[in-house]
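Undergrad: I need the structure of the sequence given here:
(2 chains)
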Amino acid sequence: EDQVTQSPEALRLQEGESSSLNCSYTVSGLRGLFWYRQDPGKGPEFLFTLYSAGEEKEKERLKATLTKKESFLHITAPKPEDSATYLCAVHPGKSGSEKLVFGKGTKLTVNP
Amino acid sequence: NAGVMQNPRHLVRRRGQEARLRCSPMKGHSHVYWYRQLPEEGLKFMVYLQKENIIDESGMPKERFSAEFPKEGPSILRIQQVVRGDSAAYFCASSPNSSGNTIYFGEGSWLTVV
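TA: Next comes the predicted model:
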């Protein structure tokens, strides 16, 4: 069964304290791995798509990396406005299936 | 999130009533997806539609739930005879096509069953 596990469930950082969020996955083939940010009461906001092991993408203070079994979301010198729940999702390689499998998310709190 | 429009944003229904949630995809997108997010749970896939066709409804409960995406107008997720366990956030997403493309989510419709 396709599965996504995110860790930690919650993370508290001080402003400027860099860290990484983990997303481990087991899927039957991988057509893509996605990172989203979700603020309370809002929909998921797209951050990155990664397609193959070794791929990296960056946006402001965020960098996403991908290996064959996991992805990391690195946050460099975070600010309070980076506080949110970060969601990881995979698109399994099953033919004809377009559904994403999501992890439960990591709730990040950045204190000033 | 800009572009995928969902309404209503919040909906309260009594047990046994019907709930209708609407979704207009981003301009130029012809693929629509519905996901449900229960408290303390991850997003769960429900159904994938293209215009006038249900492509994959493997995540939809067998009873009381239905979805459509007509030739004209928004996609609709319909829940008949709602129960307390249907209380959740329902998110619609869209993409220009399939095959691993990124999907973009709306702001969600929060259903509360009292």
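
Undergrad: Name all residues that make contact with the closest residue to residue A:4 other than its chain neighbours.
TA: Nearest non-adjacent residue to residue A:4, counting by Cβ to Cβ, 6 or more residues apart in numbering or on different chains: residue A:103, 3.9 Å away. Where you see a C-beta, it was placed from the backbone N, CA and C, and this is true even at glycine. With contact taken as Cβ atoms under 8 Å, 6 or more residues apart in numbering or on different chains, residue A:103 is in contact with A:4-6, A:23, A:87-89, B:42.

Undergrad: Of those, which is the most crowded?
TA: Compared across those, residue A:88 has the highest neighbour count, 31 neighbours, by other Cβ atoms under 10 Å in any protein chain shown.

Undergrad: quick one on the thing from earlier: relative to residue A:14, which of the contacts of residue A:103 is nearest.
TA: residue A:6 (21.6 Å; Cβ to Cβ).

Undergrad: Tell me the helices and strands packed up against the helix or strand the closest one falls within.
TA: Secondary structure from DSSP states H and E places residue A:6 in strand A:3-7. The contact analysis (3 or more Cβ pairs under 8 Å, 6 or more residues apart in numbering or on different chains; DSSP states H and E) places strand A:3-7 against strand A:19-26, strand A:84-92, strand A:101-102.

Undergrad: Please save the CA atoms from the second one in CSV.
TA: Once side chains and other backbone atoms are set aside, the C-alpha atoms of strand A:84-92 remain, and they are given as CSV (Å, rounded to 0.1, in the frame of the first residue of the first chain):
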residue,chain,number,x,y,z
ALA,A,84,2.4,26.7,9.0
THR,A,85,1.7,23.0,8.4
TYR,A,86,3.9,21.6,5.7
LEU,A,87,2.3,18.7,3.7
CYS,A,88,4.1,16.1,1.6
ALA,A,89,2.3,14.1,-1.1
VAL,A,90,3.3,11.5,-3.6
HIS,A,91,1.8,10.6,-6.9
PRO,A,92,2.2,6.8,-7.2
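
Undergrad: So what sits opposite residue B:109 in the bridge?
TA: residue B:90 (DSSP bridges).

Undergrad: Show the pLDDT at it.
TA: Predicted confidence (pLDDT) for residue B:109: 98.

Undergrad: Then residue B:97?
TA: Looking at residue B:97, its pLDDT is 74.

Undergrad: Now do the contacts for it.
TA: B:30-31.

Undergrad: Quickly note the distance from it to residue B:66.
TA: 24 Å (Cβ to Cβ, to the nearest Å).

Undergrad: just residue B:34 next, same as before
TA: 11 Å.

Undergrad: Equivalent analysis for residue A:50, please.
TA: In terms of Cβ to Cβ, residue A:50 sits 35 Å off from residue B:66.

Undergrad: quick one, which of the two is more surrounded?
TA: Comparing residue A:50 with residue B:66 by other Cβ under 10 Å, the one with more neighbours is residue A:50, at 20 against 15.

Undergrad: Reformat the contacts of residue A:103 as JSON lines; add distance to residue B:29 and pLDDT.
TA: Converted to JSON lines, those look like this (distance: Cβ to Cβ, whole Å; pLDDT from 0 to 100):
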{"residue": "A:4", "distance to residue B:29": "24", "pLDDT": "96"}
{"residue": "A:5", "distance to residue B:29": "30", "pLDDT": "97"}
{"residue": "A:6", "distance to residue B:29": "27", "pLDDT": "97"}
{"residue": "A:23", "distance to residue B:29": "26", "pLDDT": "98"}
{"residue": "A:87", "distance to residue B:29": "20", "pLDDT": "98"}
{"residue": "A:88", "distance to residue B:29": "23", "pLDDT": "97"}
{"residue": "A:89", "distance to residue B:29": "18", "pLDDT": "96"}
{"residue": "B:42", "distance to residue B:29": "23", "pLDDT": "88"}
